[in-house]
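Trainee: I'll drop the sequence and a predicted model, then ask my questions.
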Amino acid sequence: MTHIKNVQEVDQFVAPIGTTLDRFITQRQQEFPYAKGELSQLLRDIGLAAKIVNLAIVKSGLSGIEGLYGEQNVHGEDQQKMDVVANVRFIRALTRGEEVCAIVSEEEDGIVDTGHCDAKYIVAMDPLDGSSNIDVNTPIGTIFAIYRRKSEVGTPPTEEDVMQKGQNQVAAGYVMYGASTMLVYTTGHGVNGFTYEYSLGEFILSHPNIKTKPSGNYYACNEGYWNDYSQGVKDYLNYCHDQHYKTRYSGSMVADFHRILLKGGIFMYPSTKKDAQGKLRLLYECNPLSFVMEQAGGKAHNGIQRILEIEPKSLHQRAPLVMGSADMVDKLAEMVQKYAK
Ligand code: P6P
């Protein structure tokens, strides 16, 4: 048996490419003895849709795809053209992949039945979060949660299939379309990040086993709503000021979340006088990012309980959200609960 000659010597110009998303998924599938490949294929379908949406985003300034679509979504929010494009791209990729029986999307009023009654999985997604930032070239993102259906395979999907607690997620993650495009996800065994290599058209493992810090000095919160926040939240924000923490709030949650995941810190979208349940949606924004944050050693709370324990009552239900470094989330909870007694 001969060995490749001079591997060390030539490594500097034939350095290994690294692990592609596809190879990583296959390797990890072997850790699930009863896995038959459906979840693996579903993750590949998400990777494919992410590449297609990424292509549209990077050309958006030249293709006229920026700006308003001219309609509102179920939340009464003006849809950007890219919201609609991303929504269609992900629904089409997931439907053609045949591993998903139903989809919940921020851009769809009701449950999307893919017609694949034999599929085991449900996807809840925000196809393009923060899309109003696309015209100013701020990073934006796709957020996704994957659940196993509760109803019998072979039957039409039900509302019970999609209205599940976040702790039931089998996988969750996000795609960040930023300076580089990254896919970050968990299947409940840690968090791994992949960077898109355009020349190969592949996501390559770049951030294995991501762990956030127990504490940090970044806080992400829209202090423009100061007058609407509870006294507990105001006390915590004053604490951040006293600690000389740095505010990093872009109006694009995936970008703010990614910083906190890698560097430590806290993200807050609390309840306000106007919106007692805040703005962010439980099923496809709070739950998936909370799952990722907890898997990276952080915490995610609504001021009273873990986000992942909240029992959903409606498809587009909102939840106040605080997530990030465990010590910082605990400190905020302590300050808020002081007023709850
Ligand atoms: P506000 C984007 O619309 C989004 O859902 C999140 O990405 C972001 O963190 C938040 O809303 C920004 O909301 O009220 O601060 O403009």
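Mentor: Received it, and whenever you're ready, just let me know what you need. Numbering: from 1, shown residues only.
Trainee: what secondary structure does residue 173 sit in?
Mentor: Following DSSP: H, G, I helix; E, B strand; the rest coil, the label given to residue 173 is strand.
Trainee: check it and give its pLDDT.
Mentor: At residue 173, the pLDDT value in this model is 98.
Trainee: count of residues packed around the residue lying closest to it once chain neighbours are set aside?
Mentor: Leaving aside its chain neighbours, residue 173 sits nearest to residue 185 (2.7 Å; criterion: CB to CB, 6 or more residues apart in numbering). For every residue, glycine as well, the C-beta is placed using N, CA and C. The local packing count at residue 185 equals 24, with neighbours defined by other CB atoms under 10 Å.
Trainee: lowest average confidence, helix or strand, in this structure?
Mentor: Scoring the helices and strands of the chain by mean pLDDT, DSSP states H and E places helix 7-10 at the bottom, with a mean of 71.
Trainee: give the buried residues for the helix or strand following that helix.
Mentor: Where DSSP states H and E defines the elements, the next helix or strand beyond helix 7-10 is helix 21-29. Neighbour-count burial for helix 21-29, with 16 or more other CB atoms under 10 Å as criterion, is recorded at 21, 24, 25, 28, 29.
Trainee: give me the phi and psi for the residue nearest to residue 63 when sequence neighbours are not counted.
Mentor: The spatially closest residue to residue 63, leaving aside those adjacent along the chain, is residue 56, at 7.3 Å (CB to CB, 6+ apart). The phi and psi torsions at residue 56 (degrees, to the nearest 10) take the values phi -70, psi -40.
Trainee: now for residue 56, how many residues are close by?
Mentor: Here the count is done by other CB under 10 Å, and residue 56 has 18 residues near it.
Trainee: my guess is it meets residue 81, correct?
Mentor: No - at 9.4 Å, residue 56 does not count as touching residue 81 under the criterion of CB atoms under 8 Å.
Trainee: intersection of neighbour lists for those two?
Mentor: Common neighbours of residue 56 and residue 81 are listed as residue 65 (criterion: CB atoms under 8 Å, 6 or more residues apart in numbering).
Trainee: the helices in the stretch 151-300 of the chain, which residues?
Mentor: Ranges of helices in the stretch 151-300 of the chain, per DSSP state H, counting those that start in this stretch, are 159-162, 231-242, 253-263, 287-295.
Trainee: what sits against residue 297?
Mentor: Contact partners of residue 297, counting by CB under 8 Å, 6+ apart, are 211, 212, 214, 326.
Trainee: pLDDT below threshold where in the stretch 51-200 of the chain?
Mentor: Along the stretch 51-200 of the chain, no part satisfies pLDDT under 70.
Trainee: closest residue of it to the ligand?
Mentor: Among all residues of the stretch 51-200 of the chain, residue 130 sits closest to the ligand, at 3.9 Å; criterion: CB to the nearest ligand atom.
Trainee: how many neighbours does the nearest residue to residue 19 once chain neighbours are set aside have?
Mentor: What sits nearest to residue 19 in space, not counting adjacent residues and going by CB to CB, 6+ apart, is residue 205, at 4.2 Å. Other residues near residue 205 come to 15 when the count uses other CB under 10 Å.
Trainee: quick one: residues contacting residue 205.
Mentor: Residues touching residue 205, when contacts are defined by CB under 8 Å, 6+ apart, comprise 18, 19, 20, 21, 24, 192, 193, 194.
Trainee: hmm, try it at 6 Å
Mentor: Listed by CB atoms under 6 Å, 6 or more residues apart in numbering, the contact partners of residue 205 are 18, 19, 24, 194.
Trainee: could you chop the protein up by domain?
Mentor: As recorded under automatic domain parsing, the domains making up the chain are 18-207, 218-340.
Trainee: returning to that earlier point: deepest-packed of the helices of the stretch 151-300 of the chain, please.
Mentor: By mean neighbour count, with neighbours taken as mean count of other CB atoms under 10 Å, helix 287-295 ranks first of these at a mean of 27.
Trainee: tell me the helices and strands packed up against it.
Mentor: When contacts are defined as 3 or more CB pairs under 6 Å, 6 or more residues apart in numbering; DSSP states H and E, helix 287-295 sits against strand 140-148, strand 169-177.
Trainee: sounds good, over and out.
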